[in-house]
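Asker: Sequence below, structure please.
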Amino acid sequence: MVLSAILDIPRLQAPFVAEGGALITDGQGTLVTTRSCLLNPNRNPPCAGPSRQSRICEALRSFGISKVIWLEGEPCEPITSGHVDGYVLFTSSGRLLVESVEDEQVSFGPLIAGCCQLSFCSHSAKW
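Answerer: Residues are numbered from 1 along each chain as shown. This next block holds a predicted model:
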């Protein structure tokens with residue numbers, strides 16, 4: 001049995017593949033994700049018509065998302081291709097927490113730099 005039926009709530013289907021960690025939201029209509037994860041061909045292969053990114057953004061509008069912020073991500077991450085929830089988290093006040101990595105052997109530098117730039121340049125309801 002589907003959980004939505006047990007809870008007696010509407011079931012919404014998305015026309016794209018994503019695991020929970022691929023998306024974070026502030027609960028106010030802003031969502032952050034990574035291209036390396038959501039646009040990975042192993043999840044959402046290219047097809048004719050609008051770009052995958054624009055199709056995903058359009059689908060997210062039906063879930064109440066008015067703004068999607070795309071980070072490049074970490075395509076070489078072997079398990080998730082760079083789930084955003086491993087690096088970024090919204091706080092209850094609408095601010096972003098960004099993980100900092102001090103290990104020189106970890107290659108998350110560009111992703112973290114992008115997140116830091118994001119936190120200063122984006123305009124959601126609370127930033």
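
Asker: element containing the residue positioned nearest the centre of the chain?
Answerer: Nearest to the mean C-alpha position of the chain, counting by CA atoms, centre = their mean, stands Thr33 at 1.8 Å. Using DSSP states H and E, Thr33 sits within strand 30-34.

Asker: partners of that strand, with directions?
Answerer: Here strand 30-34 is paired, per DSSP bridges, with strand 23-25 (antiparallel), strand 67-71 (parallel).

Asker: buried sites along the very next helix or strand once past the longest one?
Answerer: Looking back up the chat, that one is strand 67-71. Remark: after strand 67-71, the chain's next helix or strand is strand 88-90, criterion DSSP H and E. Neighbour counts over strand 88-90 (16 or more other CB atoms under 10 Å) mark 88, 90 as buried. All C-beta spots, glycine's among them, are computed from the backbone N, C-alpha and C.
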